[in-house]
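**Student:** Build me a model from this:
(one chain, ligands or ions: 1)
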Amino acid sequence: MSYKILDVQNLTAGYGKLPIIENMHAKVDDGQIVVIVGPNGAGKSTLLKSVFGLNSRMSGDIVFESQSIFDAKTSELVPMGISAVPQSHNVFPTLTVEENLDVGTFAAPPKDKTATKAKILQLFPDLKDKLRQQAGELSGGQRQMVAVGRALMSDPRLILLDEPTAGLSPAYLEVIFDLLLQVRDSGVSILMVEQNAKQALRIADYAYVLVNGKNAYEGTGAELLENDEVRKSFLGGGAPK
Ligand SMILES: Nc1ncnc2c1ncn2[C@@H]1O[C@H](COP(=O)(O)OP(=O)(O)OP(=O)(O)O)[C@@H](O)[C@H]1O
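**Tutor:** Take a look at the predicted model:
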């Protein structure tokens, strides 16, 4: 099977000369949500940073839409169709919601900014009447919508999300995951790191468990939720729900 969107092959990457992830693989196909889970410090964020050109890629390859991006800089990746949402500080609190969305067009202007913004507001209707409000005044969940919305403003085909539900209440968690399903169904593939592993696996088309910088398990979200070892070691035990 060929992977149309992203193919991370045998990747070793880290910071300076220190490797954190080693010989790792991960793939994202068209229209998929792919989730990376694993213990603290496993290297999940490091993988996302490597794909987005934010740290040292040492060996292996990263292929986006059949083209190697192993040596590409972040500033080149956004116009190619990759966007990212960092884990924290991901909105400009003193800018309005609309200004935050507009920032997302700076690195790669969409073909039709008005149409792209309208599409995003259709996905996140909660933001419609808050366009002139400062992003810092919004709830955590709404801020997360702004951050994802901003990433979508460059019309990406792949977005990288680092713990989109970090710090959110359990009620909001479901809201954000539902929205991500809608984003996927709108034609944008998602590679996402998540601490709320059980819930994230429920929406995952495919998932990888990363341990100590190496691939440990992989499968569809449903397969991993039913895997006894994965459940015991990474999902807090208990029967699948
Ligand atoms: N900028 C950096 N420079 C040096 N080492 C780093 C840097 N960022 C992260 N590390 C190290 O890389 C390792 C993996 O960190 P990473 O943030 O990728 O893990 P993670 O799986 O995302 O963890 P968490 O779930 O806690 O966010 C850790 O040992 C961390 O200390």
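
**Student:** Show me where this structure dips below the pLDDT cut-off.
**Tutor:** Low-confidence segments of the chain (pLDDT under 70): 1-3, 237-241.

**Student:** ok, which stretches of it are strands?
**Tutor:** Applying DSSP state E to the chain gives strands spanning 6-15, 18-28, 33-37, 56-64, 67-68, 82-85, 158-162, 189-193, 206-211, 214-219.

**Student:** How about residues contacting the shortest one?
**Tutor:** Read it as strand 67-68. Residues outside strand 67-68 that contact it (Cβ atoms under 8 Å, 6 or more residues apart in numbering) are Asp61, Ile62, Met80. Bear in mind the C-beta positions are built from the backbone N, C-alpha and C, glycine included.

**Student:** Ok, the fourth one next?
**Tutor:** Contacts of strand 56-64 from elsewhere in the structure, counted by Cβ under 8 Å, 6+ apart, are 3, 5-17, 19, 23-24, 50-51, 68-71, 77, 80-82, 158.

**Student:** who's in contact with the closest residue to Met24 other than its chain neighbours?
**Tutor:** The shortest distance from Met24 to any residue other than its chain neighbours is 4.8 Å, reached at Leu11 (Cβ to Cβ, 6 or more residues apart in numbering). Counting by Cβ under 8 Å, 6+ apart, Leu11 makes contact with Ile21, Asn23, Met24, His25, Leu47, Ser50, Arg57, Ser59, Gly60, Asp61, Ile62.

**Student:** for Ala135, same thing?
**Tutor:** Going by Cβ under 8 Å, 6+ apart, Ala135 touches Val91, Phe92, Pro93, Thr94, Leu95, Thr96, Val97, Asn100, Arg143, Val146.

**Student:** do that again at 7 Å, thanks
**Tutor:** Val91, Phe92, Pro93, Leu95, Thr96, Val97, Asn100, Arg143, Val146 (Cβ atoms under 7 Å, 6 or more residues apart in numbering).

**Student:** Would you point out the most distant pair within those?
**Tutor:** Thr96 and Arg143 (12.7 Å; Cβ to Cβ).

**Student:** which one of the two has more residues nearby?
**Tutor:** Arg143 (20 against 17; other Cβ atoms under 10 Å).
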